[in-house]
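A.B. asks: got a sequence here, can you model it:
(2 chains)
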Number of protein chains: 2
Amino acid sequence: MSDISAGDVAKLRAATGAGMMDCKKALQDADGDMENARLLLRERGLADAAKRKGKEAKEGLVHSYLHAPNPGLPPKIGVMIEILCETDFVAKTDEMKALAQDVAMHIAAAKPAYVSLEDVSSDVLEAERELARKKVEGKPERVVEQATEGAIKKFAKQFCLLDQPWVRDDKQTIGQLIAGYASSTGENVSVRRFVRYEVAEALE
Amino acid sequence: MSDISAGDVAKLRAATGAGMMDCKKALQDADGDMENARLLLRERGLADAAKRKGKEAKEGLVHSYLHAPNPGLPPKIGVMIEILCETDFVAKTDEMKALAQDVAMHIAAAKPAYVSLEDVSSDVLEAERELARKKVEGKPERVVEQATEGAIKKFAKQFCLLDQPWVRDDKQTIGQLIAGYASSTGENVSVRRFVRYEVAEALE
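C.D. replies: As a prediction, this is how the structure comes out:
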């Protein structure tokens, strides 16, 4: 049985909203692999447990950060974010506001496209895996597996907010930053959604 | 030929970004009917003319408005909005900031789902027409036509930002409010997009 760190459990909990013991169990079953543990939680229907069970993360706050690249010009980049926790007692603290501001400023700079891998369609993930597979065509199965897993981790680090290294301290991911706040408040704290606008940017 | 008011031309221009003469022509061809004039502009490929032609509305600003329903609680409703104009000279004026604030506060209260009818899928509009048709089944064609046109106008007034009566002065629509600012700045001014968050609201 793998040795699971409390930090990984907290990170998985922040990412999925699942209970602490469920997260630990999923990490053990996945030999410590974060992505596989998330998939296990999803299969087990636990990933959204927080939405259904007793302690719902249904309070929270909306926060926004506007960035004017040049003094004298109006804001050209804007981020809005929704952060959930369990009680308004925590939602109204300065700590939660500081977290919201840190994460919103990070989003302005790092331009994530998703909150977590959970929000990425399986089509997109499969396309990433397929690209990785092509690069190691003909190699042993173990190598192919490592390549596809590596590709998903790279994708997450690049495009998923919770897996991005924090722009202000790349020793921790945003997921870990949030887990730290969650642990200090004693509540389930999560980013539910965010949006980033840049004036006149091309739209899909 | 219908008598077209300058206000209607300005409103259509704000809604579509098309040129002033194109808007006037479309309104004349549509006998002054705003919705049909928009559809004509779309057919003629002029509705997005501003994006392609000389005077592009490519400067602008992002603005946000956060609303705390109860003092002592954090913001529970947030709106972010992108407003485009032609130059940063106008984008940085207090007038544009005031417009952005007025429109964002309106969105917080009136909960529009689209900027304009242009953003509504034809499936949704056809479903509205179909409902209206059923209510007047067997009536003369003229009655049916009036009913479906009326249904679309009602839909626009309810769900489209530019057609909503301004919550602070329902004698004008948001489209007219913006057209007033556009006319006073002498530039093409438009709302490109907006987003409204409410903490823990159900998502689609």
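
A.B. asks: what sits closest to the spatially most distant residue from the centre of chain A if chain neighbours are left out?
C.D. replies: The C-alpha centroid of chain A is most remote from A:G72, which lies 34.4 Å away (Cα atoms, centre = their mean). Take A:G72 and drop its neighbours on the chain: the residue closest to it by Cβ to Cβ, 6 or more residues apart in numbering or on different chains is B:K92, 6.7 Å away. (C-beta placed from N, C-alpha, C; glycine too.)

A.B. asks: surely the one you found and A:P75 touch.
C.D. replies: No - with contact defined as Cβ atoms under 8 Å, B:K92 does not count as touching A:P75 (10.1 Å).

A.B. asks: shared neighbours, the two?
C.D. replies: Counting by Cβ atoms under 8 Å, 6 or more residues apart in numbering or on different chains, the contacts common to B:K92 and A:P75 are B:L61.

A.B. asks: the more surrounded of these two?
C.D. replies: A:P75 (21 against 17; other Cβ atoms under 10 Å in any protein chain shown).

A.B. asks: so who does the more buried one touch?
C.D. replies: Applying Cβ under 8 Å, 6+ apart to A:P75 gives the contacts A:L66, A:H67, A:A68, B:L61, B:V62, B:H63.

A.B. asks: out of the residues you listed, which end up buried?
C.D. replies: A:L66, B:L61, B:V62, B:H63 (16 or more other Cβ atoms under 10 Å in any protein chain shown).

A.B. asks: now the two most distant members of these.
C.D. replies: A:L66 and B:L61 (8.7 Å; Cβ to Cβ).

A.B. asks: spatially nearest residue to A:L39, not counting backbone neighbours?
C.D. replies: Nearest to A:L39 is A:A30, by Cβ to Cβ, 6+ apart, at 8.0 Å.

A.B. asks: show the pLDDT at that neighbour.
C.D. replies: Listed pLDDT for A:A30 reads 88.

A.B. asks: same deal with A:P140?
C.D. replies: So A:P140 comes in at 93 (pLDDT).

A.B. asks: ok, now how distant is it from chain B?
C.D. replies: 43 Å (Cβ to the nearest Cβ, to the nearest Å).

A.B. asks: one step back: which one of the buried ones among the contacts of A:P75 is nearest to A:D119?
C.D. replies: Using Cβ to Cβ, those come closest to A:D119 at B:V62, 23.0 Å.

A.B. asks: remind me what the helix or strand hosting that closest one packs against, helices and strands.
C.D. replies: Taking DSSP states H and E as the criterion, the element that holds B:V62 is strand B:59-67. On a contact count with 3 or more Cβ pairs under 8 Å, 6 or more residues apart in numbering or on different chains; DSSP states H and E, strand B:59-67 meets strand A:59-67, strand A:77-85, strand B:77-85, helix B:88-91, helix B:94-110.

A.B. asks: what's the offset of that strand from the middle of its chain?
C.D. replies: 17 Å (Cα atoms, centre = their mean, to the nearest Å).

A.B. asks: around A:A156, how many other residues sit close by?
C.D. replies: A:A156 sits with 25 neighbouring residues when counted by other Cβ under 10 Å.

A.B. asks: enumerate every residue touching the residue sitting nearest the centre point of chain A.
C.D. replies: Residue closest to the average C-alpha location in chain A (Cα atoms, centre = their mean): A:L162, at 2.3 Å. Each residue near A:L162 by Cβ under 8 Å, 6+ apart is listed here: A:K11, A:A14, A:A15, A:V115, A:S116, A:T173, A:I174, A:G175, A:I178, A:V191.

A.B. asks: and if you look at A:Q164?
C.D. replies: Contacts of A:Q164 by Cβ under 8 Å, 6+ apart are A:H106, A:A110, A:P112, A:K157, A:Q158, A:T173, A:I174.

A.B. asks: check what contacts stretch A:170-179 and list those residues.
C.D. replies: Looking at what lies outside stretch A:170-179 - Cβ under 8 Å, 6+ apart - the contacts are A:7, A:10-11, A:13-15, A:99, A:102-103, A:106, A:116, A:161-166, A:180, A:189-191.

A.B. asks: relative to B:A202, how far out is the residue nearest to A:E86 when sequence neighbours are not counted?
C.D. replies: Excluding the flanking residues, the one nearest A:E86 by Cβ to Cβ, 6+ apart is A:E187, at 4.3 Å. Distance of A:E187 to B:A202, computed by Cβ to Cβ, to the nearest Å: 22 Å.

A.B. asks: ok, A:E86 next?
C.D. replies: Per Cβ to Cβ, A:E86 is found 18 Å from B:A202.

A.B. asks: of the two, who's got more company?
C.D. replies: Per other Cβ under 10 Å, whichever of A:E86 and B:A202 has more neighbours is A:E86, with 21 against 5.

A.B. asks: correct me, but A:V199 touches B:L84?
C.D. replies: Yes - A:V199 sits in contact with B:L84 when judged by Cβ under 8 Å, with a separation of 7.3 Å.

A.B. asks: which residues are in contact with each of these two?
C.D. replies: Common contacts of A:V199 and B:L84 (Cβ under 8 Å, 6+ apart): B:E59, B:G60.

A.B. asks: residues in chain A within reach of chain B, list them.
C.D. replies: A:58-64, A:66, A:72-78, A:80, A:82, A:84, A:88, A:91-92, A:96-97, A:193, A:195, A:197-200, A:203 (Cβ under 8 Å from any Cβ of the partner chain).

A.B. asks: filter those to the buried ones?
C.D. replies: Judged by 16+ other Cβ under 10 Å, buried ones among those: A:59-64, A:66, A:74-78, A:80, A:82, A:84, A:88, A:91-92, A:96-97, A:193, A:195, A:197-200.

A.B. asks: strands of chain A, residue ranges please.
C.D. replies: Ranges of strands in chain A, per DSSP state E, are A:59-67, A:77-85, A:165-166, A:169-173, A:190-198.

A.B. asks: which pLDDT value belongs to A:L66?
C.D. replies: So A:L66 comes in at 98 (pLDDT).

A.B. asks: without its sequence neighbours, what residue ends up closest to it?
C.D. replies: Spatial nearest neighbour of A:L66, chain neighbours left out: A:P75 (3.6 Å); criterion: Cβ to Cβ, 6+ apart.

A.B. asks: bridged to A:G60, which residues?
C.D. replies: Assessed by DSSP bridges, A:G60 has beta-bridge partners A:L84.

A.B. asks: that one reaches A:C85, doesn't it?
C.D. replies: Yes - A:G60 is within contact range of A:C85, at 5.5 Å (criterion: Cβ under 8 Å).
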